[in-house]
Structures are given as C-alpha cells and as structure tokens.
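>>> Requesting a structural model of the entry that follows:
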Amino acid sequence: MATNNNTVGTAISVTQPQSADTDPLVKYQTLLPILKESVTNLIKHTIYILQSTTIGQCRQTDIQMLNKCVEDFNNISNQIHHWLNLADTTVAHYLIGCEFSNEVTSTFNMPPAPNNTNPAETNTPPKNILFYSEYLTNAKNQVKATQDLRNMLIDFADELACE
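Next comes the predicted model:
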C-alpha cells in the first residue's frame, strides 16, 4: 500500500502555529484517507477469502494477502493513535501552561503591543510569570531531587538493617 504524503486540508489546533510537517492533527487528517483505503482492502480480501473458502478454492497467497492487509490496517491505526495522543498531550500541556501564565506559548492571541516610548520597558518581561518551560524544568529538578532523597533513605535503611 502506498503512503500518501499530501495534506488533506488544514487543521485548526489549540497549540502553537505549526508547520504541516509537525502538526499532529494535520498528520492525523493525512492518514484518514489511507485508513479508509486500508479498511476497504481488508474487507474486499476478507470477502474474497470467505467466498473462496466456501467453494474450497482458498489459496495460500490469498491468506498472505489478507495478512498483509491486516498488518497495513494495524500499522495505520497505530499511527493515527500516536498522532491523536500527541495532539491531546500537546493541548493538555498548552492548557497547563496557561495556568501559570497567559503568555505561555500563546502566539495566536497576542495582545496589541503597548505604545511606550521608553524602549527599556518594552523589552522586559512582566514580573511573577513562570513560563511553562521553566515550570517543566523546575518540576523535573524536583522529581530528581525526590528520587535522590528516596535513594539516600533506602541506603540508610539498608545500612541500619545490616548493623
């Protein structure tokens, strides 16, 4: 089965504006016609094998072709599942990021630029804003520190048990 690299329309996503190569919803839309073709082939081969089996003329090559159709269908289904999970995760991260700052990765709802004449004021970010990338870095550091502390406590408990 040939893969189709053409995009099918444009996707409206809640995430950052992305190119068609990286937007999971565009990838999902691209795979839908391929999935439809795969399902059609799978049904046709299944019907053919059932008819051939009832008259006793089912060949091994027909079974192999059906297996290939099933593999193609599973492969495309897995890809669609992957892209939908990625889109869901991207939207969830965006929404979590918005909880910490309404300026997090939001390039499509930018407020109009203030008309300040002082250039020093326009280049400084607002105070008390935690960007999502900073939040992720902090969270990862806290998880690592917690794991280190846990490992230290386990080592300490093992030393006490050995004494």
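>>> what domains does the record give for the chain?
Listed domain ranges for the chain are 19-110, 131-163 (source: automatic domain parsing).
>>> looking at those, which is buried most?
Between the domains of the chain, domain 19-110 has the highest mean count of neighbours, a mean of 14, where neighbours are mean count of other C-beta atoms under 10 Å. For glycine as for every other residue, the C-beta is placed from the backbone atoms N, C-alpha and C.
>>> so residue 65 touches residue 44, yeah?
No. Between residue 65 and residue 44 there is no contact, the gap being 10.0 Å when judged by C-beta atoms under 8 Å.
>>> and the next element down the chain from the worst-scoring helix or strand of the chain on mean pLDDT?
In the chain, no helix or strand scores lower on mean pLDDT, DSSP states H and E than helix 119-122, which sits at a mean of 50. Proceeding N to C from helix 119-122, the next assigned helix or strand is helix 132-162, under DSSP states H and E.
>>> re earlier: kindly reformat the domains of the chain as TSV containing mean pLDDT.
Supplementary listing: those in TSV, determined by pLDDT from 0 to 100:
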stretch	mean pLDDT
domain 19-110	83
domain 131-163	82
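>>> how about the helices of the protein, start to end?
24-54, 60-100, 119-122, 132-162 (DSSP state H).
>>> residues in contact with stretch 35-49?
The set of residues external to stretch 35-49 that reach it, using C-beta atoms under 8 Å, 6 or more residues apart in numbering, is 1, 58, 62-63, 65-66, 69-70, 72-73, 76-77, 80.
>>> ok, now with 10 Å
1-2, 4, 28, 31, 58-59, 62-63, 65-77, 79-80 (C-beta atoms under 10 Å, 6 or more residues apart in numbering).
>>> With stretch 55-74 instead?
Stretch 55-74 is contacted by residues 1, 34-35, 37-46, 48-53 when judged by C-beta under 10 Å, 6+ apart.
>>> how about a cut-off of 8 Å?
Outside stretch 55-74, the residues that touch it by C-beta under 8 Å, 6+ apart are 1, 35, 38, 39, 41, 42, 45, 46, 48, 49, 52.
>>> Nearest residue to the third one in space, ignoring adjacent ones along the chain?
Meaning residue 38. Spatial nearest neighbour of residue 38, excluding adjacent residues (C-beta to C-beta, 6 or more residues apart in numbering): residue 73 at 4.7 Å.
>>> and that neighbour, how far is that from residue 63?
Residue 73 sits at a distance of 16 Å from residue 63 (criterion: C-beta to C-beta, to the nearest Å).
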